[in-house]
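Enquirer: after the sequence you'll find the predicted model.
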Amino acid sequence: MPSNPLDAYQDVERATLSGRELEASVLNKAATLLIDAKNRWNEADHEASLDTALKYNQRIWSFFQVEVSSEENPLPVEIKRNILSLSSFVDRRTFDIMAYPEPDKLNMLININHNIAAGLRGDKG
């Protein structure tokens, strides 16, 4: 059992969310980490928060790549292609930010995550 109450809550949340809700939740968490890294840009430890946010986001998008590449994945081929194309863009943007960090470059990743999460939840906008 997690010693941190927040960890315990997140464990329960993961166990009760549907696949789409879970995906939306992790995308929103990634966006929140990216926003936090952007807001802390002028702090002494901003590199650590940026690194954490980018690595978390990259893990999520790598997972999406693996999932849509699976032959068992029931999504239509066109949607799979679109997700792979978007994840490739996310990879390129992430590597660009790692090589040439600028806070405004995070906006695109934040917007992508929020928009995909909204679509997964069925938000009309």
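Expert: Looks like it arrived, so ask away. Numbers count the residues shown, from 1 in each chain.
Enquirer: every contact and neighbour count from this point should use C-alpha atoms.
Expert: Will do.
Enquirer: where does this protein dip in pLDDT?
Expert: 1-18, 124-125 (pLDDT under 70).
Enquirer: what about the helices in it?
Expert: Assigned helices in the chain, in chain order: 5-16, 19-39, 46-69, 77-99, 106-121 (criterion: DSSP state H).
Enquirer: what's the most buried one of those helices?
Expert: Sort the helices of the chain by mean neighbour count, taking mean count of other C-alpha atoms under 10 Å, and helix 19-39 sits at the top with a mean of 19.
Enquirer: name the helices or strands packed onto that one?
Expert: helix 46-69, helix 106-121 (3 or more C-alpha pairs under 8 Å, 6 or more residues apart in numbering; DSSP states H and E).
Enquirer: need the contact partners of it.
Expert: Here helix 19-39 makes contact (C-alpha atoms under 8 Å, 6 or more residues apart in numbering) with 14, 46, 49-50, 52-54, 56-57, 60, 103-104, 106, 109-111, 113-114, 116-118, 120-121.
Enquirer: then it to CSV, C-alphas only?
Expert: Written as CSV, here are the backbone C-alpha positions of helix 19-39 (Å, rounded to 0.1, in the frame of the first residue of the first chain):
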residue,chain,number,x,y,z
GLY,A,19,-9.3,3.0,-21.1
ARG,A,20,-10.3,6.3,-22.7
GLU,A,21,-10.7,8.1,-19.3
LEU,A,22,-7.3,6.8,-18.2
GLU,A,23,-5.6,8.0,-21.4
ALA,A,24,-7.3,11.4,-21.0
SER,A,25,-6.2,11.5,-17.4
VAL,A,26,-2.5,10.8,-18.2
LEU,A,27,-2.5,13.2,-21.0
ASN,A,28,-3.9,15.9,-18.7
LYS,A,29,-1.3,15.0,-16.1
ALA,A,30,1.5,15.4,-18.7
ALA,A,31,0.1,18.8,-19.8
THR,A,32,0.0,19.8,-16.1
LEU,A,33,3.7,18.8,-15.7
LEU,A,34,4.6,20.7,-18.9
ILE,A,35,2.7,23.8,-17.6
ASP,A,36,4.5,23.6,-14.3
ALA,A,37,7.9,23.3,-16.0
LYS,A,38,7.0,26.4,-18.1
ASN,A,39,5.9,28.3,-15.1
